[in-house]
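# Build me a structure from this.
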Amino acid sequence: MGNRNEEDYNFVFKVVLIGESGVGKTNLLSRFTRNEFSHDSRTTIGVEFSTRTVMLGTAAVKAQIWDTAGLERYRAITSAYYRGAVGALLVFDLTKHQTYAVVERWLKELYDHAEATIVVMLVGNKSDLSQAREVPTDEARMFAENNGLLFLETSALDSTNVELAFETVLKEIFAKVSKQRQNSTRTNALTLGSEPGPGEKRACCISL
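As a prediction, this is how the structure comes out:
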């Protein structure tokens, strides 16, 4: 899976990052889209998103990754944040059990606002701090399996599994889209992404 011209794509998939403040959502985003990591933990208020175009087989998919950017601490995330999302990474800090304890609440909020078909991955971040681990891998994996979620542990600091996490979610979305496209001649751009025609460029049709 490699990069190509950002404007040359077949699909746009909106993926949201959710979870408690401080678990590393913004660094996962910057690591995936820009291969950057910031040690500055200052919180930015307001929704942010970045994009990266990746190849899934012969199809170019523009991943539009949205970050709550601090709003989660004020419970100020609106339904507009979730609208049109076809994927979600539910992130917790594996060194802070409290961030894992509220995963179920985040999952409920996600399903209250997003499409039922959304692809969700539970992500235990900060695996580089394994000596400070408070959440056993098997416990989190079992929760994911019981709730029909994908699961990975990542480190935005040293890049472990960051590519794999986003790639796995995007592949799962693409598989669902491909299956639905086979069953239907029409594609709902809000729930499946958009496919531009010749000479046409379409971005995600969501506005806050």
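
# pull the CA atoms of stretch 87-105 into PDB?
What follows is stretch 87-105, C-alpha atoms only, in PDB (Å, rounded to 0.1, in the frame of the first residue of the first chain):
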ATOM      1  CA  GLY A  87     -14.800   3.700  10.000                       C
ATOM      2  CA  ALA A  88     -13.700   4.500  13.600                       C
ATOM      3  CA  LEU A  89     -10.700   3.900  15.800                       C
ATOM      4  CA  LEU A  90     -11.700   3.800  19.400                       C
ATOM      5  CA  VAL A  91      -8.500   4.600  21.200                       C
ATOM      6  CA  PHE A  92      -7.500   4.000  24.900                       C
ATOM      7  CA  ASP A  93      -4.200   4.400  26.700                       C
ATOM      8  CA  LEU A  94      -3.000   0.900  27.800                       C
ATOM      9  CA  THR A  95      -1.100   2.500  30.700                       C
ATOM     10  CA  LYS A  96      -4.300   4.100  32.100                       C
ATOM     11  CA  HIS A  97      -7.100   1.700  32.900                       C
ATOM     12  CA  GLN A  98      -9.600   4.600  33.300                       C
ATOM     13  CA  THR A  99      -9.400   5.300  29.600                       C
ATOM     14  CA  TYR A 100     -10.200   1.600  28.900                       C
ATOM     15  CA  ALA A 101     -13.000   1.500  31.500                       C
ATOM     16  CA  VAL A 102     -15.000   4.100  29.500                       C
ATOM     17  CA  VAL A 103     -14.600   2.400  26.100                       C
ATOM     18  CA  GLU A 104     -18.100   0.900  26.300                       C
ATOM     19  CA  ARG A 105     -19.600   4.400  26.700                       C
END
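
# What residues of it count as buried?
87-96, 99-100, 103 (16 or more other Cβ atoms under 10 Å). C-beta: built from backbone N, CA, C; applies to glycine.

# which residues does the residue nearest to Phe174 when sequence neighbours are not counted form a beta bridge with?
Nearest residue to Phe174, sequence neighbours excluded (Cβ to Cβ, 6 or more residues apart in numbering): Leu56, at 4.8 Å. As for beta bridges, Leu56 partners with Ala59 under DSSP bridges.

# burial measure for Leu56, as a count.
Burial measure for Leu56: 19 neighbouring residues, criterion other Cβ atoms under 10 Å.

# Perfect, that will be all.
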